[in-house]
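Engineer: sequence first, then the predicted structure, then my questions.
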Amino acid sequence: MKIKITALLASLVLAISFSASALAKQELRFPINLPEAKEGQVVHVPPTMADLEDADLHPELKRTIRRGYDLFMNTQQLRGKNVFNDMTCKSCHMGEGRLPFAAPVWRAVIAMPNFRGKNQHVNNLEERIAGCFAFSMNGKPPAYGSDDMIALTAYHQWLAKGLPTFERKNFYGRGYPIEDAPKAPSYKRGEKLYADNCAICHSDDGSGMRVDGKAHFPAVWGDLSYNWGAGISRLHTLAGFVRNNMPLGQPLTMSVQESWDLAEYIDSQERPHDPRFTGDLKETRAKYLDTFHKHTYYGLKKQGRLLGDHDNFGEKDFIKPDNLRPRTYK
């Protein structure tokens, strides 16, 4: 097991794009220190793009996977068409979608098709990716079966190379694991932690950092951030992300309590509506309460504000993408 973890650590580097003055276009690369796998966990070492060059695959398939990688790493190239904020795929799925404890995307490949409580039907991989566009990127997914969607699924599937489908084993590094907070999360403590640790990249007002009009670090609230339907708007998801990945390049340096406090502060800020908005805030929260919003503050009063009490959908001119739709086999 130790050999596998060592191989995984050796294969994973995190590219940091410094976004200030002369350093704006430079990259610093350094290894990520990760915990050892627990007894019984299965370790998957995803292939790299370098491995793709030597793979026994058709040249056109390799080209498609490279396109998917390009879209994954620079989803902002779809800005105004499919993406309507400053997020990219790698904002949440770090290390090229390969990094353990940063929701590595290969897990979705072997879990799909599967039933999702969030939309109450069986989803395939394309629909899972579509949800990221609709919620995390506050946008409109590429059409199912389109060149861009096939490229993205091809890249996801490349990362899952060697794994069986419908596998339900206990995989090392999936999701953003975190323990319960030792005490109730605090907005005030989170506010100070944010100022001391996060504002340098994500700005005092949560709007992120831009250089020459391009996002280098994403917004964590406001019009340019994820909307109220994004998975990371749930406190436990954001707390787990912070614990395992933030500050950038320093995983597990924020304590469990500090991670929950930061999530309390960040996810108490305003952001675009859940695209499933029915036109009534109370009704929308109630409709998706059991499957999602019991973990968010959408439709609740925090710091004297009723969160979601607005008509703001961010930069897009629609509410719900028209290619997100329910399905039944009855």
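Structural biologist: Looks like it came in fine.
Engineer: CA atoms for contacts and neighbours, from now on please.
Structural biologist: Noted.
Engineer: how about F115, secondary structure?
Structural biologist: With DSSP: H, G, I helix; E, B strand; the rest coil as the basis, F115 sits in strand.
Engineer: correct me if wrong: it contacts H121.
Structural biologist: Yes - contact criterion Cα atoms under 8 Å: F115 and H121 qualify, at 5.4 Å.
Engineer: mind listing the helices for the stretch 101-250 of the chain?
Structural biologist: Applying DSSP state H, counting those that start in this stretch to the stretch 101-250 of the chain gives helices spanning 106-111, 125-131, 147-159, 187-197, 199-202, 235-245.
Engineer: can you add mean pLDDT, mean neighbour count and distance to S268 and give those back as CSV?
Structural biologist: Putting the helices of the stretch 101-250 of the chain into CSV (pLDDT from 0 to 100; neighbours: other Cα atoms under 10 Å; distance: least, Cα to Cα, whole Å) gives the following:
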stretch, mean pLDDT, mean neighbour count, distance to S268
helix 106-111, 93, 21, 29
helix 125-131, 96, 20, 22
helix 147-159, 98, 22, 32
helix 187-197, 98, 16, 8
helix 199-202, 98, 18, 16
helix 235-245, 97, 25, 9
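Engineer: of those, which is nearest L52?
Structural biologist: Each of those has some distance to L52 by Cα to Cα; the shortest is helix 147-159, at 8.5 Å.
Engineer: show me what contacts the closest residue to K38 other than its chain neighbours?
Structural biologist: In this structure, K38 finds its nearest non-sequential neighbour in Y172, 7.8 Å apart by Cα to Cα, 6 or more residues apart in numbering. For Y172, the contacting residues are A37, K38, Q41, V42, V43, H44, P100, by Cα atoms under 8 Å, 6 or more residues apart in numbering.
Engineer: name the member of the residues you listed with the most neighbours.
Structural biologist: Neighbours here are counted as other Cα atoms under 10 Å. On that basis the top member of the contacts of Y172 is P100, with 28 neighbours.
Engineer: contacting residues around that one?
Structural biologist: Going by Cα under 8 Å, 6+ apart, P100 touches L34, Y172, G173, R174, G175.
Engineer: all strands of the stretch 151-300 of the chain, in order?
Structural biologist: Secondary structure of the stretch 151-300 of the chain, counting by DSSP state E, counting those that start in this stretch: strands at 209-211, 214-217.
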